[in-house]
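J.: Let's see this in three dimensions:
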Amino acid sequence: MSAGRYALLVATGHYDNEALRRLRSPARDAQRLAEVLEDPRIGDFEVDMVVDGAHHEVARAIEHFFLDRRRDDLLLLHISCHGVKNDNGELHFAATDTDRRLLASTSVPAQFVRRQMRLCRARSVVLLLDCCYSGAFLSGSKGDTTVHVKDDLAGHGRAVLTATNRTEYAWEGDRVTELDPEPSQFTGALIKGLSTGEADRDRDGLIGLFELYDYVYEDLQTSRVKQRPQMWAELEHRVVVARSVLPRLPRSREDEAHALPVPPPAPRPASAPASAPAAVPARAEPREAARPRDPLARLALLTEAMTELACMEDAGSRLGFASLLAQLLARPVDLRGVRLREDVVAIVRTALNQDGGESTLLSVIAIFEGQPAVAEVRRRLEPYDGPPTPSRPAGAGTGSRTRPDGPPAGSHGAPRGGRRPRAAQLLSLLTDALCELTCMEMPQGRAQFGVVLGEQLGRPVDVRGVRQREDAVAVVRAALTVPGGERVLVEVVRILEGGPAGDDIERLIDTLG
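T.: Here you go, the predicted model:
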């Protein structure tokens, strides 16, 4: 785990202001969450709390919390209170002495929290918001009932998880209008996932941040509440929130290489792991023998080739690439996002240090850059791969279109069974298909696609609008990580591109079962 693990819990449930007292209070379970985070078997955090503090006490505690931290520290800030939007749409966190008419001087502005996070040296900051939001009432269609948490609080080195981004109450003078409020179960789901270990989706003994979010999202989705938590993350490496109290399950190498943060599939037959090694083509052995004895040679070749890829040009693209590679390898890929070559070396080393990792790396290159880029990388590796194999794997097909299935069976690092998992295949094929749509040609169109898809999935789709293929990957990944997301993607394509295009995407999904 990290060098230092610190948590600050801000919980406000009592308000002097009569208007705020009328609203549903989300401040509960804070003490239980503190106990879980403090438990050395689980969170092992040093925890401080501010319960029902005045605005200056809350602000002071937050500023002190982010002061004098080290780069490798993990900081977790949990805020449970009323979030109030002023007439300009700016978010403020309410304290016991907050006057809704005097937010600037009696509350804690979200911009203050953002500034403290930005000034902090720690590169891993997790912000958990369990807030009941209210805002100024604007008549007609001008009312913005969305709380723009990402714009207010997200940033590099930070992850923001929020119970909701809906405004539940609207104000018109002193009169309050309920906009479908409901009890919050967000913190309760956090406590349950951490204390029981159920959030350890892959049973590796650790609960990562993305695992925790997926658990909370699905727990709330299966309950009767309408809450749809959202998350924005721009982290340099995997963040481990807690250890799991459940026993760690032994896993086959194939499972580890192909694991994705999606709901667990139906149990595989017991004989599957035992039969997997037999599927490795015998001709793969000579190629393994053809590898250069100096491991630095292959690292150097792949590093040189990848530094020339467009998806490595900026830090945001490299982080997106590393995020997908980490999912497919089921292990973290630590990037600083500072120097291109440093990040590329980290990516390549992570892939080469895992069985089947080079094949997975080439698959991710195909997803982000297309098959021509993969062909060029393979060409550079040919001197170390031995003579080409004359025969093709069974069922390879004879069509003229190149299949984006990663390296052919028999190439170095090919996964067992000679093919990539369905999720990686589907991601590659759908990315290719989306790049052919007219609605994905311009950044504005891709942004609209992401917004519509995000609304239907109930979680954000981060489209940067820089490169078409990168945005297509982000869209497809968002859909594939939500139960039923594939069909939602089809419907969004039908809406934005037309019925025939949606039918094509649906057929593509059905071909992979």
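J.: The nearest residue to Leu381 once chain neighbours are set aside: which element?
T.: Distance criterion Cβ to Cβ, 6 or more residues apart in numbering; nearest residue to Leu381, sequence neighbours excluded, is Leu301 at 6.1 Å. Using the backbone N, CA and C atoms, a C-beta is placed for each residue, glycine as well. Leu301 is part of helix 295-307, with elements assigned from DSSP states H and E.
J.: Likewise for Arg121?
T.: Counting by DSSP H and E, Arg121 is found in no helix or strand.
J.: Tell me how many other residues crowd it.
T.: 13 (other Cβ atoms under 10 Å).
J.: coming back round to it: in the helix holding Leu301, what counts as buried?
T.: Along helix 295-307, these residues count as buried under the neighbour rule (16 or more other Cβ atoms under 10 Å): Arg298, Leu299, Leu301, Leu302, Thr303, Ala305, Met306.
J.: do stretch 367-385 as well
T.: For stretch 367-385, the neighbour count (16+ other Cβ under 10 Å) marks Ile367, Phe368, Glu369, Gly370, Gln371, Ala373, Val374, Val377, Arg378, Leu381, Asp385 as buried.
J.: Gln31: how many residues sit nearby?
T.: Here the number of neighbours of Gln31 (other Cβ under 10 Å) works out to 11.
J.: who's in contact with it?
T.: With contact set as Cβ atoms under 8 Å, 6 or more residues apart in numbering, Gln31 has these partners: Met49.
J.: which other helices and strands contact the helix or strand where Arg487 lies?
T.: Element membership for Arg487 (DSSP H and E) is helix 485-497. Where contact means 3 or more Cβ pairs under 8 Å, 6 or more residues apart in numbering; DSSP states H and E, helix 485-497 is packed against helix 422-434, helix 443-457, helix 468-480, helix 499-511.
J.: Tell me which of these lies nearest to Thr98.
T.: Of all the helices and strands packed on helix 485-497, helix 443-457 sits nearest to Thr98, with 31.0 Å by Cβ to Cβ.
J.: what does that closest one rub up against?
T.: Around helix 443-457, the neighbours that count as contacts under Cβ under 8 Å, 6+ apart are 438-440, 460-463, 465-466, 468, 471-472, 474-475, 478-479, 482, 485, 488-489, 491-492, 495-496.
J.: of these, buried ones?
T.: Using 16+ other Cβ under 10 Å, the buried ones in these are 439-440, 460-463, 468, 471-472, 474-475, 478-479, 482, 485, 488-489, 492, 496.
J.: hang on, Arg341 packs against Thr307?
T.: Yes. Counting by Cβ atoms under 8 Å, Arg341 touches Thr307, with 6.0 Å between them.
J.: what is the mean pLDDT for the helix holding Arg487?
T.: What helix 485-497 shows for mean pLDDT is 90.
J.: Could you do stretch 443-452 as well?
T.: Here the average pLDDT along stretch 443-452 is 88.
J.: Over to stretch 300-316?
T.: The average pLDDT within stretch 300-316 is 86.
J.: Could you chop this protein up by domain?
T.: 5-243, 284-386+403-419, 424-511 (automatic domain parsing).
J.: can you give me the strands for the chain?
T.: Shown for the chain, the strands assigned by DSSP state E span residues 5-11, 46-51, 74-85, 91-93, 108-109, 124-136, 158-162, 167-172, 175-178, 206-208, 230-234, 240-243.
J.: how about JSON lines for the ones you listed, with mean neighbour count, distance to Leu329 and mean pLDDT added?
T.: Listed next are those as JSON lines, based on neighbours: other Cβ atoms under 10 Å; distance: least, Cβ to Cβ, whole Å; pLDDT from 0 to 100:
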{"stretch": "strand 5-11", "mean neighbour count": "22", "distance to Leu329": "25", "mean pLDDT": "95"}
{"stretch": "strand 46-51", "mean neighbour count": "16", "distance to Leu329": "32", "mean pLDDT": "95"}
{"stretch": "strand 74-85", "mean neighbour count": "25", "distance to Leu329": "22", "mean pLDDT": "90"}
{"stretch": "strand 91-93", "mean neighbour count": "25", "distance to Leu329": "37", "mean pLDDT": "89"}
{"stretch": "strand 108-109", "mean neighbour count": "22", "distance to Leu329": "40", "mean pLDDT": "94"}
{"stretch": "strand 124-136", "mean neighbour count": "24", "distance to Leu329": "20", "mean pLDDT": "76"}
{"stretch": "strand 158-162", "mean neighbour count": "23", "distance to Leu329": "20", "mean pLDDT": "84"}
{"stretch": "strand 167-172", "mean neighbour count": "20", "distance to Leu329": "40", "mean pLDDT": "48"}
{"stretch": "strand 175-178", "mean neighbour count": "12", "distance to Leu329": "47", "mean pLDDT": "48"}
{"stretch": "strand 206-208", "mean neighbour count": "21", "distance to Leu329": "13", "mean pLDDT": "91"}
{"stretch": "strand 230-234", "mean neighbour count": "19", "distance to Leu329": "18", "mean pLDDT": "78"}
{"stretch": "strand 240-243", "mean neighbour count": "24", "distance to Leu329": "16", "mean pLDDT": "92"}
